[in-house]
Structure formats: structure tokens, C-alpha cells
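>>> just to be clear, the model below is a prediction. Sequence and coordinates:
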Amino acid sequence: MEGGLIPGLPDDIAAIILASLPISQLWRLRSTSRSWRSALSAPIGLLSSLRRPRDLLCVFPQDPSLAPPYLFDPSTLAWLPLPTIPCSPHSYGLSNFVPIAVGTRLYVVGGSHFDARAYPVDRPVPCAAAYRLDLAAGSPRAWTRLGDLICPRGSFAAVGFGDQIFVAGGGSRHAMFPSDGSRLNSVERLDCRTGRWRTVAAMPRERAGCVGWVSEGETEEELWVAGGYGEYRTVGGVFRADIYCRDVMVMGLRSGRWREIGEMWEEGERRKLGPVAVVEGENGAVPVVFMLDQNGIFRFIVDQNRWVIESTLRRSITDGESCGFVALDGELYVLTPMRQAFDPTDLRRMPNKKVSLDIQIYNPMTKIWKLLSASTPFYSAINFNMAALCTIQI
């Protein structure tokens, strides 16, 4: 393939053809020739001005040091494996970590894991590690270890804003012990340019399992932290039961002051806050926050501090069925694994076919639903109660 990107075609035409390929194929085709490697590797190369940035879904099915995360392109239904994070010889079983994207960089922060150096060995401890993967410079190579969190945590709210990442609340809860774990009220900020964490004003009360987003206030940008659990009560004087938070805490990013907003729903309306997705506004518009509660999608009305029904799913989700809820390119995606025909507890019959995903897509602007299914690279269904999701634009 000497003398041009594609023999017989001008380079500008060939570049348009290459730019239309899925991002997963671009990385694989770099080894075709030197000219393709040069065109497809450089972040400011020939294709950068021709490709329209695409919103991709990043799926972490389990501990990212053991199983690789994947990028999923919903426009082409293509999957691309990413490198695993460095494996520690002392820790294992990482869960409740938070992936978040800032620009074309992907971050994995915190979590809860088991540490062979801790006592007792069979109890999980919060993780302070943070990793970064740059997806702009051609094919992703390896994760970079950043500075540790000042206060180790998992199950926390994480929000990217500019060149910063804010983390709020959290604790030491692990997926294997769903009723245990500590709670935190501390808040930290990561400077993505230096990779260092700084402490900011703490929340008025401890909270874990919460979600967060940034919204424009009257005088400054504000960090909103909602949902999660704080205090707990005992059942029969023995078992702990979480008391879920119905209120919202808001911090001004410039002033650093917190204020508390009243409850978002009445007693008996719902048990806890469901999965939340934020649709970013275009051309400076205010982002819109949506929540998935059973089979309904609710829109958050900021002025009223209430959740209002937006639409209902076209395919119902049964109680206890895991599902993912994310915002991609201005649309809401509800992901549910297709039911498998075999018994996963029967080790004598391992699956020989890859599972598929049911995807329900809702456009808040047009109020139109789309339904599709996509094959996955996994041989077992994704448990979205334990998996971690985020979106990134490349």
C-alpha cells in the first residue's frame, strides 16, 4: 500500500472513508501499513478534522484488574476491549469503584476490596487508588497510576467538571457485604493536569451510595449530591437496614459552601433513588437529570425539587432484574441482558454462545422510543448491579 492510504484514490478521499469506520476498527487497522498507522494513531492527524466525535459506552463487567473493560459504539454495535488496570499482589475483589471520563481520558477511582495485609483478612477495606487511560493517542496502551485519594472510599458520587473531578461521600461497602460498611462526608477534588487530590468543604452529613451532577446555579456552578444511604436502623436488634436519603445537598464550586434542599419525594412514594443519567445541554443549555424507577423514566424538576414521570419503558423490567441506565448523545439508554437458556449454577454445562443485550433508547426531545438488541463479547450475562458504566466522547 505504498504511495497513498488506498491505492487508486486521493488521500483526501481515502481519509474520508477511514474516518467513517467505527472507532473499534480504527485501532485494529493501524497495523495494515505505515501510512495507515500514521493516519490513525496521531490525535491531531489527518482524520481528526474529518471524524465527528462519538459518544461511546464504557462497560466494566467486574474487577477491572481481572476482566478487561469494553468500549461499546451504539451506532455500529461494535465492541473494543481495553487494557486491564495493574493487578496488585496484595488486594483483590475490587467493587463499587467509579469510572468517569474527562475529555478523552478515562479514570477509575476508589472502590472497596480485600487486602491481604489488612486485619481481619476476610473483611473489605476502602480503596484509595486512582488510574487514568488516555484514549486519544491512538491505540490505548496501559493505565497510569495517579496519586491516591486522601480518604479511601467506594460507592461515592463522582462528577467531572472542566479539568477537575469531584468525589463526595462514600464508604467501605463491598458487593459481597451489601449491609455493612462505613459512611463518609468528605469531599475531594482531582486536578487532572497534575494528578493530585485536594480536600474541599465536607458535606453536612455522612452519605454513601449517592450520585452527583453539576448544574448551573444563580451565581455559580453547583455540585448536586442526591440519594444514597446515611444512617441505619437495626431489625430485631441484630441486622442493619439502611435509611435511604430523600434530600439533596448542593455545594457552590466557587464559594465551597453547602446548602441542604428538602426531600425529593414523599414518604411511601418510592423506597430509594434509582439509577440517574444526565443529558448534557447543547449550546450552553442547562443539563437535564433523569431517573429510572422500576419501569418509568422520571425527569427532575429543579425549581420544584420533584421527580415527574417522563415516559414508561416499552419492555417491562421484572423486579430484581438488573439493568443499566446511561445517557448517550442526548438519548437515554436502558440496557438489560437477555435471559439465558442454561442454568448458570450448573457447572457441567457452560455457555457456548455469547449473550446479547436488550437496548431501549428514549429521546427526550422527540419523545420517541427505539428498540434494538446487540451481541456482546461476554459468555455470561452482565450483572448491572455490580458492573460499572460511564460514557466517553472520542
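Structure's in. What do you need?

>>> break this structure into its domains for me.
The chain breaks down into these structural domains: 1-52, 68-80+274-386, 85-273 (assignment by automatic domain parsing).

>>> distance to Ile394 and mean pLDDT for those domains - can I get that in a markdown table?
Glycine gets a C-beta too; all of them are placed from N, C-alpha and C. Shown next, in a markdown table, are the domains of the chain (distance: least, C-beta to C-beta, whole Å; pLDDT from 0 to 100):
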| stretch | distance to Ile394 | mean pLDDT |
| --- | --- | --- |
| domain 1-52 | 6 | 70 |
| domain 68-80+274-386 | 8 | 87 |
| domain 85-273 | 6 | 90 |
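
>>> most packed of those domains?
Mean neighbour count (mean count of other C-beta atoms under 10 Å) peaks for domain 85-273 among those, with a mean of 18.

>>> just checking, Leu372 touches Ile359?
Yes - using C-beta atoms under 8 Å, Leu372 is in contact with Ile359, at 5.2 Å.

>>> now do the shared contacts for those two.
With contacts taken as C-beta atoms under 8 Å, 6 or more residues apart in numbering, not a single residue reaches both Leu372 and Ile359.

>>> quick one, phi/psi of Ser356?
phi -120, psi 160 (degrees, to the nearest 10).

>>> residues contacting it?
Counting by C-beta under 8 Å, 6+ apart, Ser356 has contacts 337-338, 373-376.

>>> in a helix, Met251, correct?
No - if the criterion is DSSP: H, G, I helix; E, B strand; the rest coil, then Met251 is strand and not within a helix.

>>> circling back: just the contacts of Ser356: which are in strands?
Among the contacts of Ser356, the members found in strands (DSSP state E) are 337, 373-375.

>>> quick revisit: possible to save the domains of the chain as JSON lines with distance to Val59?
Formatted as JSON lines, those follow (distance: least, C-beta to C-beta, whole Å):
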{"stretch": "domain 1-52", "distance to Val59": "13"}
{"stretch": "domain 68-80+274-386", "distance to Val59": "5"}
{"stretch": "domain 85-273", "distance to Val59": "9"}
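
>>> ok, the closest residue to Ile165 other than its chain neighbours to Val102 distance?
Using C-beta to C-beta, 6 or more residues apart in numbering and skipping the chain neighbours, the partner closest in space to Ile165 is Leu190 (4.2 Å). The spacing between Leu190 and Val102, counted by C-beta to C-beta, to the nearest Å, is 9 Å.

>>> who touches both of the two?
Counting by C-beta under 8 Å, 6+ apart, the residues touching both Leu190 and Val102 are 164-165.

>>> can you map out the strands along the stretch 1-150 of the chain?
In the stretch 1-150 of the chain, strands defined by DSSP state E, counting those that start in this stretch lie at 55-60, 70-73, 78-81, 91-95, 98-102, 105-109, 112-115, 125-126, 130-134, 144-145, listed in chain order.

>>> convert the C-alpha atoms of the fifth one to PDB, please.
Yep, that's strand 98-102 we're talking about. The C-alpha coordinates for strand 98-102 follow below in PDB (Å, rounded to 0.1, in the frame of the first residue of the first chain):
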ATOM      1  CA  VAL A  98     -16.400   4.600  39.900                       C
ATOM      2  CA  PRO A  99     -15.300   5.100  36.300                       C
ATOM      3  CA  ILE A 100     -15.500   8.600  34.900                       C
ATOM      4  CA  ALA A 101     -14.400  10.300  31.700                       C
ATOM      5  CA  VAL A 102     -12.900  13.800  31.400                       C
END
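
>>> what comes into contact with it?
58, 60, 69, 106-111, 154, 156, 158-160, 163-165, 167, 192, 388-393.

>>> next: the longest one.
By C-beta under 8 Å, 6+ apart, the residues outside strand 55-60 that reach it are 23, 69-74, 82, 97, 99, 101, 106, 108, 326, 328-329, 333, 382, 387-394.

>>> distance of Asp122 relative to Ser95?
Applying C-beta to C-beta, the value for Asp122 to Ser95 is 15 Å.

>>> ignore the last one, Val278
23 Å.

>>> same deal with Val159?
Remark: distance between Val159 and Ser95 (C-beta to C-beta) = 21 Å.

>>> please apply the same query to Trp79.
With the distance defined as C-beta to C-beta, Trp79 ends up 22 Å from Ser95.

>>> equivalent analysis for Cys323, please.
With C-beta to C-beta as the criterion, Cys323 and Ser95 are 18 Å apart.

>>> look up how far Phe60 lies from Val108.
Relative to Phe60, Val108 is positioned 8 Å away (C-beta to C-beta).

>>> so what's in contact with those two at the same time?
Contacts common to Val108 and Phe60, judged by C-beta under 8 Å, 6+ apart, are 97, 99.

>>> now the helices for the stretch 1-150 of the chain?
Remark: helices assigned in the stretch 1-150 of the chain by DSSP state H, counting those that start in this stretch are 11-19, 23-28, 34-41.

>>> same for the last one, what does it pack against?
Using 3 or more C-beta pairs under 8 Å, 6 or more residues apart in numbering; DSSP states H and E as the contact criterion, the elements in contact with helix 34-41 are helix 11-19.

>>> try 6 Å
Applying 3 or more C-beta pairs under 6 Å, 6 or more residues apart in numbering; DSSP states H and E, we find helix 34-41 packed against no helix or strand.

>>> mind saving the C-alpha coords of that helix as CSV?
The C-alpha trace of helix 34-41 is given here as CSV (Å, rounded to 0.1, in the frame of the first residue of the first chain):
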residue,chain,number,x,y,z
ARG,A,34,2.9,2.6,7.8
SER,A,35,0.7,5.2,6.2
TRP,A,36,-2.4,3.8,7.9
ARG,A,37,-0.6,3.7,11.2
SER,A,38,0.5,7.3,10.8
ALA,A,39,-3.0,8.5,9.9
LEU,A,40,-4.9,6.5,12.6
SER,A,41,-2.5,7.0,15.5
